[in-house]
Structure formats: C-alpha cells, structure tokens
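Asker: next one to model:
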Amino acid sequence: MDAQTSFEPVKDLLVHSPLLGLFTPALPTIVTTDASDYGLGAVLTKLHEDNTQRTVAFASRTLSNAERKYSTVEKEALACVWDTEKWRTYLWGRMFKLCTDHSPSTMLLTTKGLGRAGYRIARWSARLLSFNCELEYKPGNQNVVADCLSCLSLPSPDGSPEDEDVVVALITSTLTAVTKEQFQAACSACPIQQKLWEFLTKRWPSNPKNLDPVLLPYFRVWDELSLLDGCVLQGTHQLLVPEELQSKLIHLVHDTHQGIVRTKQ
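Answerer: Numbering: from 1, shown residues only. Coordinates of the predicted model:
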C-alpha cells in the first residue's frame, strides 16, 4: 500500500510534467544539437501554444576514437546529421527547425556551402537533403540542454560507423586530355601535392608563417581539401591540377575558346 501511495504522485508528475510532452504533429518541431570533444548531444522538443518548448526525447552518444580526431566543424556537423537520422520516425516528411550553436554549420550543411565544405561534410549535407529542415544558429548560452548531454554523453552502439558505406553520388572522371592514370602519376610527382598529402594525412601547422609561400593559398582553404584516389580534391568535385599538367590543360581549354566567361565556366 505504501508503495502504491508513493507511485501515484510520481506517475502524476510524469503525466502532467511542465517540461515533458508527447509528440504532436500539428505543433512546430525543434531539434537542438551540440558536440563536445568526446560526445554528441541532442534534444527533440515541441513548441506549444503557450510558447514553451516541451521535450519529447533526449539523445547522446560518445564519439569513437576516429571521430574524436575530427575538427570542431566536423563534430558539430556530425551532431546535426546523427540526431536527425536517429529521429527519422518523427522528422521524416515534416518541416522542422534544426538548431546548432556552431554558426558555420548553418551554411556548410546547406546549399550555401556548395563547393566550400570539406568532402566529409559535403556527404553529410547530401544526407540532410532528404529532410525538410531549416538550420538556425542558437547561441551557446541558450543551448544548455544539448551541451550538457554532449559533455555527459553515454556510450551507445547506434552511432554511425567511421567509414559508413553511404552512396550519395557516383563521381566519375571525364578527363579527355589525360587518362586517370596519367593524372594520378603527375599528382604523385608534384612536390606541392606531396606536401599537401602530408598535411591532409597528419595535420596542418597552426602557424602559417612557417609555411612555404606557395602553400599559403591552400592553407586558407585547408578545411575544403581532401584526398581521393591519390589526388587532392577541393570541395566535392574540383580536382587540383598538378604543376606538370597545368599548362597542358590551359592550352587544351583555349583550343576551343568560347570567350572568357564560358571558358572559365
């Protein structure tokens, strides 16, 4: 009898909680995310008529050893993609607001970041295209719940594997001037690209003052560079041409010159 007497008030508090609520499709949906150095956190809320947000679900997980090596931009972007796909049942086919306290992610994960985001973030951005969401910046001092969950994250097996085989698009090379093998061989022999490989596989120096001047333009866009089949890629589709082939490709472009604008395009 004493147990039942204690249970009833607890049940009543859960049912009539001012903070928790059921998922109601008619109400606006908000997903708030955050990432720390070792975890991800998120909260799914509904905006009620009295202008208060009530929580539908919490989520958190610990980053894998490989994910902990990601840059801050990549961790924050990963948080946005992970919780959105985790709550697909709630979010699929509905308009919702995706909030993050990392302002660059609001651009890199949308079409505004096309060609500017690194290869990994570009793939995540493509995965978000199946959702109808609006990314919004939320200052860190207002993002306390997701921040707490990311710092006190739980080990969870439902995180995406480091190298998940998700086919976003099939990228094929149509280099008619040189073969793929010739292009790769020229990349291997290019001293600039060899140095870029070293930085991309290890890490970039924190101070650009010690860099060779020829590498400074690449340092300014280091977060957009990645490796693909032995070549350096900028953004999602732009191959960096090695020095050996630059004059040849420029000459071939001018063979069918259609004007300055069209040639650049």
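Asker: contacts and neighbour counts: CA atoms only from here.
Answerer: Noted.
Asker: where do the strands of the stretch 101-250 of the chain begin and end?
Answerer: Assigned by DSSP state E, counting those that start in this stretch, the stretch 101-250 of the chain shows strands spanning 132-137, 225-228, 231-234, 238-239.
Asker: out of the ones you listed, which is closest to residue 124?
Answerer: In terms of Cα to Cα, the element of those nearest to residue 124 is strand 132-137, at 13.9 Å.
Asker: just the C-alphas of that closest one, formatted as CSV.
Answerer: Only the C-alpha atoms of strand 132-137 are listed here, as CSV (Å, rounded to 0.1, in the frame of the first residue of the first chain):
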residue,chain,number,x,y,z
ASN,A,132,12.8,19.3,-44.8
CYS,A,133,14.7,21.3,-42.2
GLU,A,134,15.7,24.9,-41.6
LEU,A,135,19.1,25.3,-39.9
GLU,A,136,19.3,28.0,-37.3
TYR,A,137,22.1,29.3,-35.1
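Asker: list the buried ones in that strand?
Answerer: 133, 135, 136, 137 (16 or more other Cα atoms under 10 Å).
Asker: list the helices and strands that strand packs on?
Answerer: Applying 3 or more Cα pairs under 8 Å, 6 or more residues apart in numbering; DSSP states H and E, one finds that strand 132-137 makes contact with strand 95-100, helix 105-108.
Asker: including mean pLDDT and distance to residue 242, could those go into a markdown table?
Answerer: Shown next, in a markdown table, are these (pLDDT from 0 to 100; distance: least, Cα to Cα, whole Å):
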| stretch | mean pLDDT | distance to residue 242 |
| --- | --- | --- |
| strand 95-100 | 92 | 38 |
| helix 105-108 | 80 | 27 |
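Asker: in the stretch 51-200 of the chain, which spans are helices?
Answerer: 72-86, 88-91, 105-108, 119-128, 144-151, 180-189, 191-201 (DSSP state H, counting those that start in this stretch).
Asker: confidence-wise, which of the ones you listed is weakest overall?
Answerer: Ranked by mean pLDDT, these end with helix 105-108 in last place, scoring a mean of 80.
Asker: let's see it as CSV, backbone CA atoms only.
Answerer: Taking only C-alpha atoms (Å, rounded to 0.1, in the frame of the first residue of the first chain), the coordinates of helix 105-108 have been written out as CSV:
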residue,chain,number,x,y,z
SER,A,105,27.4,24.7,-39.8
THR,A,106,24.3,26.6,-40.7
MET,A,107,26.0,27.5,-44.0
LEU,A,108,28.2,24.4,-44.7
